[in-house]
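Enquirer: sequence first, then the predicted structure, then my questions.
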Amino acid sequence: MQNNDTRITESSGNVFLDLGFDAAEAEVMKLRAEVMIRTAQHLKERGWTQAEAARHLGITQPRVSRLIKGKVEDFSLDMLLTLAARAGLHTELRLTA
């Protein structure tokens, strides 16, 4: 393959699975990323500063910064769901076979 050749691989729909993570771990990582992104978007829509968001969420401002920057490795799914609820979002879990 030369430097100017491009190879395109169709996604499975889960970037973490495509990166080689175990299927179960990839699913949890995908959920964490989705909750994190939606929570960060919601905070932005509310127009809260990071300090205001920290007060509402019950966490420190640096932790809000990590949330907004998408540092998914710093948050468990449980914590992200808790923060989403504190931000005023409603969550729903649906399992399918």
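Expert: Sure, I can see it.

Enquirer: and Asp18, how far from Gly70?
Expert: Computed as Cβ to Cβ, to the nearest Å, the Asp18 to Gly70 distance reads 18 Å. All C-beta atoms are positioned from the backbone trio N, CA, C, and that covers glycine.

Enquirer: same thing with Val35?
Expert: Noted for Val35: a distance of 11 Å to Gly70, by Cβ to Cβ.

Enquirer: now the residue nearest to the spatial centre of the chain: which helix or strand?
Expert: Geometric centre of the chain, nearest residue: Ala33, 2.2 Å, by Cα atoms, centre = their mean. Using DSSP states H and E, the element containing Ala33 is helix 23-46.

Enquirer: dump the helix or strand of the chain with the lowest mean pLDDT to CSV, restricted to CA.
Expert: Least confident helix or strand, the chain: helix 15-18 with a mean of 89, by mean pLDDT, DSSP states H and E. Taking Å, rounded to 0.1, in the frame of the first residue of the first chain, the C-alpha atoms of helix 15-18 are listed here in CSV:
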residue,chain,number,x,y,z
VAL,A,15,-16.3,2.2,17.6
PHE,A,16,-15.0,0.4,20.7
LEU,A,17,-15.8,-3.0,19.2
ASP,A,18,-14.1,-1.9,16.0
